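> Predicted model and sequence follow; I will ask about them next.
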Amino acid sequence: MYSEVIAELAPSGILRAGINLANIFLVTGKSEDGGPEGVSPDIARAIANQLGVKVSYVPCETPGGTAQAVKNEACDIAMIADEPARAEFISFTNPYVEIEATYAVPGESSFQTVEDVDQSGVRIAVSETSAYDLFLTRSLKQAELHRAEGLPAAVDLFANEKLDALAGLRPALNQNIEKLPGTRILDGQFMTVEQAIGTQLKNLAAADFLQDFVKEAKTSGLIEELINRHGVVDKLQMAS
């Protein structure tokens, strides 16, 4: 039934799934053998099960590294946010979960809305190659981005260099706010990060299969079940 899809995604009988370890809401732990656990690894396993093949995880430390793994054909699918810059070489499904991205700012900051942040001279700390880094790179008119490798490093950069704002996923900012006394998180969002499944552009049959898989996973309750199972109900929102 899935012979054409298997030929594209798992000709050896093993589906290689690129997993972005930097998203701590989609990868929430490790198994006894050291493999990633969480919503996105479970979705990859469910895809492999439906195809009747084995799954092999390709752990990636950064979102940019995950995208590069697809580009280099080091993985067959990738659990990564849909983003126009990545769509130049990755075919994405519709999103299965969404996460708000916003800013944290010093308590004394005059900024009240996310729109206030894009001003001349404003310095924003951001996790390099994240979906929101790519979005802000494309959309900011005046503010400057200062990049660090991963959100923890961006938090340190924001604090140590006394930058004007810290960009991040709202649930991650909520978790880090305790490390930043006097800091507050702005209401609203500058984007919604849409987590999807990607594969190489050449995999036409696989792209259709994965699109159908995501649709069924949302309507069947699988996505909701995984969000509950991994304790991220207040972190992830199922995409419409």
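Thanks, I have it.
> For the helix ranked longest in the chain, enumerate the helices and strands it packs against.
Ranked by residue count under DSSP state H, the longest helix found in the chain is helix 204-219. For helix 204-219, the packing partners by 3 or more Cβ pairs under 8 Å, 6 or more residues apart in numbering; DSSP states H and E come out as helix 3-9, helix 39-51, strand 191-200. Just so you know, the C-beta spots here come from the backbone N, C-alpha and C atoms, and that holds for glycine as well.
> What residues sit buried inside that helix?
Neighbour-count burial for helix 204-219 flags 206, 207, 209, 210, 211, 213, 214, 217, 218 (criterion: 16 or more other Cβ atoms under 10 Å).
> can you check stretch 157-168 too?
Quick answer for stretch 157-168 (16+ other Cβ under 10 Å): 157, 158, 159, 163, 164, 165, 166, 167, 168.
> Identify the residues contacting whatever helix or strand the third one lives in?
Under DSSP states H and E, the secondary-structure element containing residue 159 is helix 151-160. Counting contacts by Cβ atoms under 8 Å, 6 or more residues apart in numbering, the residues outside helix 151-160 that touch it are 22, 104, 125-127, 130, 146-148, 163, 165-169, 172, 176, 179-180.
> So which of the residues you listed are in strands?
Among the contacts of helix 151-160, the members found in strands (DSSP state E) are 104, 125, 126, 127, 146, 147, 148, 165, 166, 167, 168, 169.
> Beta-bridge partners for the fourth one, please?
Pointing back at residue 127 there. When bridges are called by DSSP bridges, residue 127 pairs up with residue 148.
> Am I right that it is in contact with residue 169?
No. Residue 127 sits out of contact with residue 169 when judged by Cβ atoms under 8 Å, with a separation of 9.1 Å.
> In terms of neighbours, single out the busier of the two.
Using other Cβ atoms under 10 Å, the more surrounded residue of residue 127 and residue 169 is residue 127, with 27 against 24.
> tell me the contacts of that one?
When contacts are counted by Cβ under 8 Å, 6+ apart, residue 127 touches 22, 133, 147, 148, 149, 150, 151, 153, 154, 167, 168.
> what's near enough to touch the residue most central in space within the chain?
By Cα atoms, centre = their mean, the mean C-alpha position of the chain lies nearest to residue 81, the distance being 4.4 Å. Residue 81 sits next to 63, 130, 131, 193, 194, 195, 196 when contact means Cβ under 8 Å, 6+ apart.
> give me that answer again for 10 Å
When contacts are counted by Cβ atoms under 10 Å, 6 or more residues apart in numbering, residue 81 is found next to 20, 23, 26, 63, 66-67, 92, 95, 97-99, 101, 130-132, 134-135, 191-196, 198.
> cool, and residue 210?
By Cβ under 10 Å, 6+ apart, the neighbours of residue 210 are 5, 9, 47, 77, 91-94, 196-199, 203.
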